[in-house]
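Trainee: Sequence first, predicted model second:
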Amino acid sequence: MPGFLLEMQLPGLMPDGGWILLAKKTITGPAFIENSLPNVYAHWGDFLSAMKDTLIMELWAGSVSFLIGLILGIVLTVTRPGGILENRIIYQTLDKIVNMFRSIPFIILLTALMPLSRLIMGTAIYVRGAIVPLVFGCTPFFIRQVEAALAQTDYGLVEAALSMGCSPLDVIWRVYLKESIGHIARGTTITAISLLGLTAMAGAVGAGGLGDFAIRYGHDRNMTDITWITVLVLVIAVSIVQTFGGWVAKKNTH
Amino acid sequence: MKPLLQAEHITKDYQLGEVTVHALKDVSFEIYEKELIVILGPSGSGKSTTLNILGGIETVTSGSVIYGSLKLNKADPQKLTAYRREHIGFIFQFYNLLPGLTALENIALSAELSNHPLDPGKLLEEVGLADRRDHFPNRLSGGEQQRIAIARALCKNPDLLLCDEPTGALDSRTGVQVLKLLEGFCRSYEKTVVLITHNRDIARIADRVFYFKDGRLEKIETNPDPKKPDEIMW
Ligand SMILES: Nc1ncnc2c1ncn2[C@@H]1O[C@H](COP(=O)(O)OP(=O)(O)OP(=O)(O)O)[C@@H](O)[C@H]1O
Ligand SMILES: [Mg+2]
């Protein structure tokens, strides 16, 4: 591991509410990690590959869920009673399926979808084996987020667009989607964060990732520093997602 | 003058659970090219229903509506969309501008839908809002938003402009401004305008006035001397 400098500033809270600097220390990387986080140091390679596994699961399952969820969320919106392509059968069927999948605990989905996972991905374990259940766990949630986002669209705008001669596809694209980018960005953020939670659980089918890493070492072998570092990485990941989502949402709200 | 559009014995029923609402009961009329028609009538008398049928956003329960060679009552949704795109401009009481688009973009959007549009920038000038081209709708007053909505409808260069209480939410001075634009479009572009209002004074600018009552077209009055919007007050 390459050496690096880390400047630590440890703030402390004074009784009067002000901050003071408790310690300022410059430490070289490996030595610092070796001393303060001995278990993380010892399992550094595992730690990196756990982060990589989590990232792969998040990106793959997230992208697939985003696409499917966006499309099905739109389908639900336009086929609902009073929608621009009202269709009872499609709406009712899809609505029930979404509800059903939303009510199944993820840990059950993980095992129940093993045969399907084997069929689609060729395996039911490792990172590859986790993608299918993750998509099934995440998509219904995102569909509801998309539905809620699109429901914010003023129906007067839809009527105005139709009256101008926009086709249903025009209305979906120009009114529903373009006017809801901000809301969809917020829904995407929430979904990405909840997906991160699911990827941690996916460790249960041997998918690896940070959740698995924390359980195997942090919990099972009582290596507390590993638990803490895992939590820290996840907090940072969530903050990044949240900040980016918030930025996109803000840019698209007038 | 030849008729632009003919409605013959149209009826419209709405089913509300067990109850059937007869919104239109055997209504017939013709609309001629270059006419300015005002529709008057109490609330719930079927004015909006009629206008929406003319614009192809609602279909009749029975009877026929004929525009040129197109039978609206027989047309499928694609045909109706094409009809609206080609021939119709709509203006509502509430302006329904897309909040994510600037004033100019809102107008340009409708120009895109037409194959013989007018120039969006020029229309913005005509409605007197050239300096607001890059503003979003939430920064404009009600009257300004309505003028943008009018520019948006006119920009398609429609043959038939349908206005549902366009001045309903505006004070009388702003209302006259809006009427001037609509009347001007009718007279100088030689297009047909149908306008719903609750205001009898506004009816004085019309060539003909349709009086609706309880789902029927009670009478049609021809106005021998249509006034300019400037000349009416309310
Ligand atoms: N979508 C609908 N579903 C059920 N009933 C409707 C619907 N639209 C209109 N109606 C009914 O049809 C009748 C005529 O309505 P319409 O909107 O044409 O009236 P209007 O003359 O435009 O009234 P207002 O001046 O209040 O706008 C009313 O009784 C109304 O309740
Ligand atoms: Mg009405």
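Mentor: Structure's in. What do you need? Numbering: from 1, shown residues only, chains lettered A, B, ... in the order given. Ligands and ions are numbered 1, 2, ... in the order given.
Trainee: Check for me that residue B:30 belongs to a strand.
Mentor: Yes - assessed with DSSP: H, G, I helix; E, B strand; the rest coil, residue B:30 lies in a strand.
Trainee: What's the local residue count around it?
Mentor: Residue B:30 has 15 neighbours, counted by other C-beta atoms under 10 Å in any protein chain shown. (Glycine included, C-beta is placed from N, CA and C.)
Trainee: Could you do the one 10 residues further on as well?
Mentor: When counting by other C-beta under 10 Å, one arrives at 22 neighbours for residue B:40.
Trainee: Report the separation between the nearest residue to residue A:129 once chain neighbours are set aside and chain B.
Mentor: Spatial nearest neighbour of residue A:129, excluding adjacent residues (C-beta to C-beta, 6 or more residues apart in numbering or on different chains): residue A:123 at 4.8 Å. Counting by C-beta to the nearest C-beta, to the nearest Å, the separation of residue A:123 from chain B is 44 Å.
Trainee: Now residue A:123, what are its backbone angles?
Mentor: phi -150, psi 160 (degrees, to the nearest 10).
Trainee: I'd guessed it sits against residue A:130; true?
Mentor: No - in this structure, residue A:123 is not within contact of residue A:130 by C-beta atoms under 8 Å, at 9.8 Å.
Trainee: between those two, which one's more packed in?
Mentor: residue A:130 (33 against 14).
Trainee: For ligand 1, give me its nearest residue in chain A.
Mentor: Here chain A gets closest to ligand 1 at one residue, residue A:82, 9.3 Å apart by C-beta to the nearest ligand atom.
Trainee: what helix or strand is that residue on?
Mentor: Following DSSP states H and E, there is no helix or strand that holds residue A:82.
Trainee: what sits in contact with each of residue A:123 and residue A:130?
Mentor: Common contact partners of residue A:123 and residue A:130 (C-beta atoms under 8 Å, 6 or more residues apart in numbering or on different chains): residue A:117.
Trainee: so how far is residue B:147 from the closest residue to residue B:143 other than its chain neighbours?
Mentor: Nearest residue to residue B:143, sequence neighbours excluded (C-beta to C-beta, 6+ apart): residue B:174, at 3.6 Å. Distance of residue B:174 to residue B:147, given as C-beta to C-beta, to the nearest Å: 9 Å.
Trainee: more crowded one of those two?
Mentor: residue B:147 (25 against 17).
Trainee: So the residue in chain B that chain A sits nearest to: helix, strand or coil?
Mentor: Nearest residue of chain B to chain A, counting by C-beta to the nearest C-beta: residue B:85, 2.8 Å away. Three-state assignment for residue B:85 (three-state DSSP): helix.
Trainee: pretty sure it contacts residue B:117?
Mentor: No - in this structure residue B:85 lies outside contact range of residue B:117 using C-beta under 8 Å: 11.0 Å.
Trainee: hmm, the helix or strand residue A:101 falls within touching chain B?
Mentor: According to DSSP H and E, residue A:101 maps onto helix A:88-103. No - figure legend: helix A:88-103 not in contact with chain B (C-beta under 8 Å from any C-beta of the partner chain); closest approach 14.9 Å.
Trainee: which outside residues touch the helix or strand following that helix?
Mentor: Heading C-terminal from helix A:88-103, the first helix or strand you meet, by DSSP H and E, is helix A:106-112. With contact meaning C-beta under 8 Å, 6+ apart, helix A:106-112 is reached by A:101, A:104, A:130, A:133, A:136, A:137, A:198, A:201, A:202, A:204, A:205.
Trainee: pLDDT averaged over whichever helix or strand comes after helix A:106-112 - what is it?
Mentor: Remark: after helix A:106-112, the chain's next helix or strand is helix A:114-121, criterion DSSP H and E. Here helix A:114-121 scores 90 as its mean pLDDT.
Trainee: By neighbour count, which bits of helix A:114-121 are buried? Give me those.
Mentor: A:114, A:117, A:121 (16 or more other C-beta atoms under 10 Å in any protein chain shown).
Trainee: Make CSV out of those and add distance to residue A:73.
Mentor: As requested, those are exported to CSV (distance: C-beta to C-beta, whole Å):
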residue, distance to residue A:73
A:114, 27
A:117, 24
A:121, 25
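Trainee: picking up where we left off before, and the pLDDT at the residue nearest to residue B:143?
Mentor: In this model, residue B:174 carries a pLDDT of 83.
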